[in-house]
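**Student:** the sequence and its predicted three-dimensional model are supplied below.
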Amino acid sequence: MSNFKLHHLITTGAREAEMVEALLNGNNIFDFLV
């Protein structure tokens, strides 16, 4: 696996984790989409 693909997976996973955490905290998910 290339470093670029690995980096992409890590950053994508981190972004999804932030969205899940925001939902658990009661924030609006659309704040991340705007």
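**Tutor:** Yep, it's here.

**Student:** from Leu24, how far off is Glu11?
**Tutor:** No, residue 11 isn't Glu; it's Thr. Relative to Leu24, Thr11 is positioned 21 Å away (Cβ to Cβ, to the nearest Å). For glycine as for every other residue, the C-beta is placed from the backbone atoms N, C-alpha and C.

**Student:** for the helix or strand harbouring Lys5, packing partners?
**Tutor:** Using DSSP states H and E, Lys5 maps to helix 3-24. On a contact count with 3 or more Cβ pairs under 8 Å, 6 or more residues apart in numbering; DSSP states H and E, helix 3-24 meets no helix or strand.

**Student:** only the buried residues of that helix, if you could.
**Tutor:** By 16 or more other Cβ atoms under 10 Å, helix 3-24 has no buried positions at all.

**Student:** so how far is that helix off the chain centroid?
**Tutor:** 4 Å (Cα atoms, centre = their mean, to the nearest Å).

**Student:** quick one: mean pLDDT for that helix?
**Tutor:** The pLDDT scores in helix 3-24 average 87.
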